[in-house]
Every structure is written in structure tokens, then in C-alpha cells.
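[1] predicted structure and sequence below. I'll ask about it afterward.
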Amino acid sequence: MLGSISGRSVLDVGCGNGGKLAELVGEGATAALGVDVSGNFLSAPPPGMEFIRGDLNDLDSMPELSGRTFDRILFLQSLGYARDPVRTLRAARAMLADNGFILLTRTQPVRYAVERAEQNGTSLGEEYFSQASYTYRTGWNEQIALTKPTYTMSDLINVFSAAGLWIETADEPQLSEAARRRYPHKQAWMNKYLGILIFKLRPHHGRGDLSRSCHSG
């Protein structure tokens with residue numbers, strides 16, 4: 001879904017240590033920039049790659065991003081940390097180069113509904129449509145608990161629309177047959193929790209101009 005990134009500029013929002021971005025640079029990406037609030041970046045990034053320590057909630061006010069555009073903007077499991085996801089996506093949309101797009105992944109919302117139903121002794125439907133926040137221990141550090149707002153599929157689609165984006169392609173990746181045989185515990189997890197969703201998002205061209213003209217009129 002990312003397509004060829006040779007010679008393409010890439011912005012990775014919520015890049016972690018930048019490891020994934022470094023892989024893309026190795027595949028030919030140029031002018032690669034990673035943004036993450038932790039600041040715990042690779043100590044020796046490859047040439048053509050830079051990092052900004054910053055909060056994805058402030059993309060539209062980072063001086064380092066002012067006037068810059070990118071062919072690919074990535075939100076790999078990071079949009080869930082946005083206090084106002086519409087604002088964050090609008091800021092990213094404004095930085096897209098001509099014919100650029102956003103590649104965004106989110107956890108399948110059914111996963112959290114299943115976990116909450118088991119935890120609370122309720123039903124899948126009750127938890128899927130619940131408005132209560134969900135707190136859980138992270139898999140990478142049991143000492144850390146994350147609290148996130150719940151969401152449904154329609155919530156995701158409505159956020160994209162409100163940000164002036166449309167879904168060109170969506171996917172729900174599955175394990176290959178070979179991986180299923182080699183990692184049966186991973187397949188069992190996928191059977192229960194479904195995995196992630198991947199969206200390729202493009203801007204509605206002219207939508208912002210139409211909105212401004214309506215308000216001015």
C-alpha cells in the first residue's frame with residue numbers, strides 16, 4: 001500500500017526510535033523525517049534522515065515543519081495518542097505534496113471490545129459501543145498502563161472525513177500460510193482479536209477552498 005518510496009520524501013509521525021523509517025531510507029526514501037515525543041532516537045541514523053522531538057498534537061505549530069511537504073506521511077499505530085485526531089490529520093493533510101497520501105494504521109476496535117467484555121463480564125456489543133475509556137497494561141512494559149478512548153469503525157471513518165480525507169484503499173492484513181504454520185500462537189491471537197486496519201488516505205482537493213468560500217459568503 002505504501003508503493004515505491006524510491007526518491008520519495010517521508011514523514012513518520014510517532015516514529016518511536018525511527019527504526020521503521022531507517023528501513024524505508026534503506027529502500028530509497030529521501031528527505032526522511034521522524035517525529036516522536038520520546039526523543040529516544042537511533043544514535044546513528046543513515047544519511048538523509050532526521051528527527052524532531054515533538055508531540056503529534058502540535059504538528060501545525062512545529063517551526064521545523066513549517067513550509068515542508070512530503071510524498072508519504074505515516075501514522076503507524078500513533079493516531080490513538082492524538083487528543084484531537086481531526087486537527088492532527090488536518091495538519092498532516094496540509095503537508096502532503098502533490099499526489100501524496102497518508103498511510104495510517106489503527107488497532108481493529110473489535111480487539112478492545114473483546115478484551116473489555118472478558119474483563120468486565122459483559123457482551124461484545126456493549127463494549128464495542130461503550131463510551132468509557134479503556135486502560136490496559138502494555139505488552140512491552142508491564143509497569144506502564146495506557147488509557148485510550150474507545151472508538152468504532154464509523155468513528156474512524158468520520159474522523160477521516162472531517163479532516164478532509166477519503167479512503168482510497170483499506171486492508172486488514174493476515175498472516176501468510178507459512179507464518180500460520182510456523183507461529184500458531186500468533187494465528188490464534190489473530191483469530192480472536194482480528195489484528196490491525198491499514199488505510200491509504202488522500203485529500204479531498206478543493207475542500208478547504210470550498211469551506212472558506214462558504215464561510216466568507
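    Arrived safely, thanks for sending.

[2] look up phi and psi at the spatially most central residue of the chain.
    For the chain, the residue nearest the mean C-alpha position is residue 75 (2.8 Å; Cα atoms, centre = their mean). Backbone torsions for residue 75, taken as degrees, to the nearest 10, come to phi -130, psi 90.

[3] please name the bridge partners of the closest residue to residue 76 other than its chain neighbours.
    Spatial nearest neighbour of residue 76, excluding adjacent residues (Cβ to Cβ, 6 or more residues apart in numbering): residue 105 at 5.3 Å. C-betas here are computed from N, CA, C, even on glycine. Going by DSSP bridges, residue 105 is paired in beta bridges with residue 76, residue 198.

[4] burial check on residue 105, number of neighbours?
    Residue 105 has 19 neighbouring residues, counting by other Cβ atoms under 10 Å.

[5] my guess is it meets residue 196, correct?
    Yes: the criterion here is Cβ atoms under 8 Å, and residue 105 meets it with residue 196 at 5.1 Å.

[6] where do the helices sit along this protein?
    Using DSSP state H, the helices of the chain run over residues 19-26, 85-94, 109-120, 124-128, 153-162, 177-182, 184-193, 207-216.

[7] send me the fourth one as CSV with only the CA atoms.
    In this case it means helix 124-128. Taking C-alpha atoms only, helix 124-128 is exported to CSV below (Å, rounded to 0.1, in the frame of the first residue of the first chain):
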residue,chain,number,x,y,z
LEU,A,124,-19.2,-7.7,22.8
GLY,A,125,-21.9,-5.3,21.6
GLU,A,126,-22.0,-3.5,25.0
GLU,A,127,-18.3,-2.9,25.0
TYR,A,128,-17.9,-2.1,21.3
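
[8] any weak-confidence spans in this protein?
    Of all residues in the chain, those with pLDDT under 70 make up the ranges 139-140, 206-217.

[9] how about the helices of the chain in a markdown table, adding distance to residue 44 and mean neighbour count?
    Formatted as a markdown table, those follow (distance: least, Cβ to Cβ, whole Å; neighbours: other Cβ atoms under 10 Å):
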| stretch | distance to residue 44 | mean neighbour count |
| --- | --- | --- |
| helix 19-26 | 10 | 17 |
| helix 85-94 | 28 | 21 |
| helix 109-120 | 36 | 16 |
| helix 124-128 | 44 | 15 |
| helix 153-162 | 36 | 15 |
| helix 177-182 | 31 | 11 |
| helix 184-193 | 31 | 13 |
| helix 207-216 | 40 | 10 |
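
[10] ok, which of these comes nearest residue 34?
    Closest to residue 34 of these, according to Cβ to Cβ: helix 19-26, at 4.8 Å.

[11] what's the closest one packed up against?
    Under the contact criterion of 3 or more Cβ pairs under 8 Å, 6 or more residues apart in numbering; DSSP states H and E, helix 19-26 touches strand 9-13, strand 30-36, strand 49-53, strand 70-76.

[12] go again using 6 Å as the cut-off
    strand 30-36 (3 or more Cβ pairs under 6 Å, 6 or more residues apart in numbering; DSSP states H and E).

[13] neighbouring contacts of the strand it packs on?
    With Cβ atoms under 6 Å, 6 or more residues apart in numbering as the contact definition, strand 30-36 has outside contacts at 7, 9-16, 18, 21, 25, 48-52, 54.

[14] nice, that's everything, thank you.
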